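Colleague: The amino acid sequence is not available; the structure is as follows:
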């Protein structure tokens, strides 16, 4: 048989970007669903008077730490999902390395229900606080590693607005500093460590304001120099 007539060998291509996004969306959806399982409905035997709203509220109050950890984890996962989509909106090609960094990100997301539940049950234990904080820190670093890999391999478009790139860098910096600080503070005061996490929802606002001021200052300086 002629070489030209031999059947072509199947190509070992990496998964397409669409498949990576579908997989990532499904994993995030499952992780968000699993988070709620750390909250338990009080058994009727645990409530002194099942018909009393006060007795039921007292039992639910015992799960306050679990509820807080659930809300924190849900917000964190939602923010990472938005960041993940911001990265993949710029993807114009794909390589196997991009898929592996995406799997590293998904690994941190699948661990979130466990670390969140651990935090809810042992909220005053510095090790539990650190495990959750490190989980969030690794998720942030995995997201940035995916972005940097795509930029270095030319499979990501450059941001249309330079201010957007500065805002992203500022967001990452604030989040990493807040998490690293909480890891250290947990062994001194777990409550203070958790307060550091309040910087995470503030990070986008701080980053956008800083980027806007930097852009405005650059534009003013450029105008003055003309």
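Modeller: Here it is on my side, so go on. Note that this is a predicted model, so its numbers are computed, not measured.
Colleague: contacts and neighbour counts: CA atoms only from here.
Modeller: Fine.
Colleague: center of the chain - which residue?
Modeller: residue 80 (3.1 Å; C-alpha atoms, centre = their mean).
Colleague: That one and residue 200: what is the separation?
Modeller: Per C-alpha to C-alpha, to the nearest Å, residue 80 is found 11 Å from residue 200.
Colleague: Low-confidence stretches in this protein?
Modeller: Counting by pLDDT under 70, the ranges of the chain that qualify are 1-15, 159-162, 211, 215-226.
Colleague: Tell me which stretches of it form helices.
Modeller: Using DSSP state H, the helices of the chain run over 17-35, 53-61, 64-88, 96-121, 126-152, 162-185, 190-196, 199-225.
Colleague: And the ones you listed: which comes nearest residue 46?
Modeller: Nearest of these to residue 46, taken as C-alpha to C-alpha: helix 53-61 at 7.6 Å.
Colleague: Quick check on residue 198: phi, psi?
Modeller: Dihedral pair for residue 198: phi -60, psi -20, per degrees, to the nearest 10.
Colleague: quick one: it from residue 103, how far?
Modeller: Using C-alpha to C-alpha, we find residue 198 at a distance of 28 Å from residue 103.
Colleague: Equivalent analysis for residue 40, please.
Modeller: For residue 40, the distance to residue 103 - C-alpha to C-alpha - is 31 Å.
Colleague: Show me which of those two is the more surrounded one.
Modeller: Neighbour count, other C-alpha atoms under 10 Å: between residue 40 and residue 103, residue 103 has more, with 17 against 10.
Colleague: Quick check: residue 24 touching residue 106?
Modeller: Yes: proximity of residue 24 to residue 106 meets the contact threshold set by C-alpha atoms under 8 Å, at 6.8 Å.
Colleague: Can you get me a residue count around the closest residue to residue 185 other than its chain neighbours?
Modeller: Excluding the flanking residues, the one nearest residue 185 by C-alpha to C-alpha, 6 or more residues apart in numbering is residue 193, at 5.1 Å. Using other C-alpha under 10 Å, residue 193 has 24 other residues around it.
Colleague: Repeat that for residue 53.
Modeller: 10.
Colleague: what's the answer for the one 3 residues further on, then?
Modeller: Neighbour count for residue 56, taken as other C-alpha under 10 Å: 19.
Colleague: Please name the residues that touch it.
Modeller: Listed by C-alpha atoms under 8 Å, 6 or more residues apart in numbering, the contact set of residue 56 reads 42, 47, 49-50.
Colleague: separation between the residue nearest to the centre of the chain and residue 206?
Modeller: Where residue 206 is concerned, residue 80 sits at a distance of 17 Å (C-alpha to C-alpha).
Colleague: same thing with residue 176?
Modeller: Separation of residue 176 from residue 206 (C-alpha to C-alpha) stands at 14 Å.
Colleague: Between these two, point out the one with more neighbours.
Modeller: Using other C-alpha under 10 Å, the more surrounded residue of residue 176 and residue 206 is residue 176, with 20 against 16.
Colleague: Tell me if I'm right that the more buried one and residue 137 touch.
Modeller: Yes: assessed by C-alpha under 8 Å, residue 176 is found in contact with residue 137 at 6.5 Å.
Colleague: How many residues are close by the residue nearest to residue 146 when sequence neighbours are not counted?
Modeller: Nearest non-adjacent residue to residue 146, counting by C-alpha to C-alpha, 6+ apart: residue 101, 5.3 Å away. Around residue 101 there are 19 other residues, counting by other C-alpha under 10 Å.
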